[in-house]
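In: From the sequence below, what's the structure:
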Amino acid sequence: MATNSLKYTTHEGVERTVPVDTVRIVRPLTDEDKNKAKESLKENRGIDIDPSRINVRIEFADKTSKLARETVDAFRDQGVGLVNLGNDRYTPAINITAAEAFTKDDADRLKGEDYTLSQTFRAKVETRAGTVLSSATPTQVMDRRAKALELDQSTSKKSGPQSKPA
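Out: Residues are numbered from 1 along each chain as shown. Predicted coordinates:
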């Protein structure tokens, strides 16, 4: 069984544990992203961070986000199966409840609401933390979800309590 929590370390060094079903997106940060985050935090909040100490941005269901020191692989090592939705955007496999085609009508409707779609999306992915767009097809998303859940189960079996044969 997959883990129900995600542990991460903030840029300040504070260790936090959050319910995995509140995690919407995990996105690895490029060097450019790290520098933008540093500049933004300095300008908007007066916080000075060392960009070399952060690796990912975690976006939550309420659309807030936190910078974390861990990597995507470190989260997987915790037993959190992450599904690549395309363009280095990951969501926890156990959060995915459905995926459907993202149509031209959907794109037109979003453009009418002043959204700028900078990439081609093929699926709307329903998660416990909200809807996320994906460049993968609905079938690819669900296949990746199944694979991530299988890895979660095999990791849990290895690290979980072992029962003795009767």
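In: Please look at Gly79 and Leu6 and confirm they touch.
Out: No - counting by CB atoms under 8 Å, Gly79 does not reach Leu6; the two are 9.7 Å apart. Yep, even glycine has a C-beta here, placed from its N, CA and C like the rest.
In: Which residues lie in contact with the closest residue to Arg144 other than its chain neighbours in this structure?
Out: Spatially, and ignoring its direct neighbours in sequence, Arg144 is nearest to Val83 (4.5 Å; CB to CB, 6 or more residues apart in numbering). If a contact means CB atoms under 8 Å, 6 or more residues apart in numbering, then Val83 has 90-93, 96, 141, 144-145, 148 as its contacts.
In: tell me the average confidence for the helix or strand harbouring Val83?
Out: Element membership of Val83, judged by DSSP states H and E, is strand 82-84. Mean pLDDT, computed over strand 82-84, is 95.
In: and after it, which helix or strand comes next?
Out: Going down the chain from strand 82-84, the next helix or strand is strand 90-92, by DSSP H and E.
In: what about that next one, distance to the chain center?
Out: 4 Å (CA atoms, centre = their mean, to the nearest Å).
In: For whichever helix or strand comes after that strand, which residues meet the burial criterion?
Out: Remark: after strand 90-92, the chain's next helix or strand is strand 96-101, criterion DSSP H and E. Within strand 96-101, the residues scored as buried using 16 or more other CB atoms under 10 Å are 96, 99.
In: follow-up on the earlier one: can you pick out the most distant pair from the contacts of Val83?
Out: Taking CB to CB as the measure, the contacts of Val83 span a maximum distance of 12.7 Å, between Pro92 and Val141.
In: mind listing the strands for this structure?
Out: Secondary structure of the chain (DSSP state E): strands located at 5-9, 15-19, 23-28, 56-60, 65-68, 82-84, 90-92, 96-101, 123-127, 130-134.
In: ranking the ones you listed by burial, who's on top?
Out: For the strands of the chain, the largest average neighbour count (mean count of other CB atoms under 10 Å) is found in strand 90-92, namely a mean of 27.
In: I'd like the average pLDDT over it.
Out: Mean predicted confidence for strand 90-92 is 96.
In: contacting residues around that strand?
Out: Against strand 90-92 from outside (CB under 8 Å, 6+ apart): 2, 6, 20-21, 23-27, 72, 80-85, 125, 127, 129, 132.
In: ok, now stretch 121-131?
Out: 21-24, 60-61, 85, 91-92, 95-102, 106-107, 132-138, 140-141.
In: 6 Å - rerun?
Out: Stretch 121-131 is contacted by residues 21-22, 24, 61, 91, 95-100, 102, 132-135, 137-138, 141 when judged by CB atoms under 6 Å, 6 or more residues apart in numbering.
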